[in-house]
Structures are given as C-alpha cells and as structure tokens.
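**Student:** build the 3D model from these lines:
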Amino acid sequence: MARYTGPKSKVSRRFREAIFGKDKALERKNYGPGQHGNSRRRPKQSEYAIQLAEKQKAKFIYGVLEKQFRNTFNKAAAKKGITGENLLRFLEARLDNTVYRMGIAPTRRSARQMVSHCHITVNGEVVNIPSYHMRPGDTISVRERSRSLEIVSAASTSNRSRFNWIEWNGSTMEGKFITYPERSEIPENIKEQLIVELYSK
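**Tutor:** Predicted coordinates for the structure are as follows:
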C-alpha cells in the first residue's frame, strides 16, 4: 500500500506547520530544512510554486499520494458546488480520516493502520481500505476482538469527536458519519482555491 515513509519533521519544517501533530523539531527549528533554511534572504516564490506547495501540504495532511489526490479532485470537480470545498469534503469523508476525527486513533497515520489491520467495521462489515468513502448515515465501530487494544481503550474515554458531522459513543465503541462537513467546520489550514487554480492550468 503506497504511503509517505520519509522524514516527518522535515515536512513540518518545510511548511512551518505541525502537519503530523506536535513536533519538537518544529519548535526548536521554526525554519525550513537544509543549509539555507535559516537564511534571512528568502527568494520570491512564483505563483506556481505557491499553488504547488499548497497541494503538497494537503496531500501530506491527509496522507494521500498524487494519483489518488488527483482522482479525488476530479470527483470534486464533477460534483455540483464549489470544487475546492468539495475536495476537502471528500478528503474528510475518507475512512481513515473519519476514524481519526472520531478520536479512535490519535493520528491519521495510526488511524490508517487500524483500518488496514481490520480493526474497523462500516455498517457491520470489516473494511480494510483507508480511502473508503464514507456516506451520510454510515456507522463505524471497532471490532469486538479489537476493543481491548490500548489505543482503542484510550479512545473510549476521549472526547475528541467534537465535530458536528460525526458522532462517537465511547461506551459502545460506535459512531456515525452524519453528513459531509461545511468548509467552516474543517479546521485544516488549507487554501483550497490555490489547489483548484493549480489543476486548472
């Protein structure tokens, strides 16, 4: 299964954001990686470079590689509404992201692993595809045999499911994907219009 396996701290420093969660390296070195990262002189970026960087950031945040990201964009462009907002809604509707938003896993990477290792069911059926597209009304639960896992036990007492478009019941280990989120409800710092402009060239 294709996924990014390179250094995470360098990615966070490149975008000056905690892409993969809290990172002490970002706190110590709040500048780009490489020998010129701390240089006061920063070359002016072209419009294309700014748009490309925004797309790369979105891919790293959601753990999606280029081909899958492009396919998601094409689906968003074909759907009625604002393409950039549709793109983020579809990314938020991925199964691994939904597991993360519900608080079942502390990071998207660990959520992806939980799904891949068959710990999660959707509508009563085991699903091991992280990119599985959730639809309004779908129910998610942790498999009975997986509920003793330490990471899952922590989720039973967590209150991370603070988003209006999902529900999570820690006592029953079940949740529901209620609806697609509005753009104002998605907390990620992504300028989706730059991505639309990039793919429109």
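**Student:** grab the nearest non-local neighbour of Trp165.
**Tutor:** What sits nearest to Trp165 in space, not counting adjacent residues and going by Cβ to Cβ, 6 or more residues apart in numbering, is Pro181, at 4.3 Å. In short, each C-beta sits where N, CA and C put it, glycine included.
**Student:** who's in contact with the one you found?
**Tutor:** The neighbours of Pro181, taking Cβ atoms under 8 Å, 6 or more residues apart in numbering as the test, are 88-89, 92, 163-165.
**Student:** following the helix or strand containing Leu91, which helix or strand comes up?
**Tutor:** Leu91 is located in helix 83-92, with elements delineated by DSSP states H and E. Using DSSP H and E, the helix or strand that follows helix 83-92 towards the C-terminus is helix 95-102.
**Student:** which outside residues touch that next one?
**Tutor:** Contacts for helix 95-102 (Cβ under 8 Å, 6+ apart): 62-63, 91-92, 105, 107-108, 110-112, 114-115, 120, 122, 127, 129-134, 140, 155, 160-161, 163, 166, 168, 175, 177.
**Student:** what about burial for these, which qualify?
**Tutor:** Neighbour-count burial (16 or more other Cβ atoms under 10 Å) applied to the contacts of helix 95-102 gives 62-63, 91-92, 105, 108, 110-112, 114-115, 120, 122, 127, 130-132, 134, 140, 155, 161, 163, 166, 168, 175, 177.
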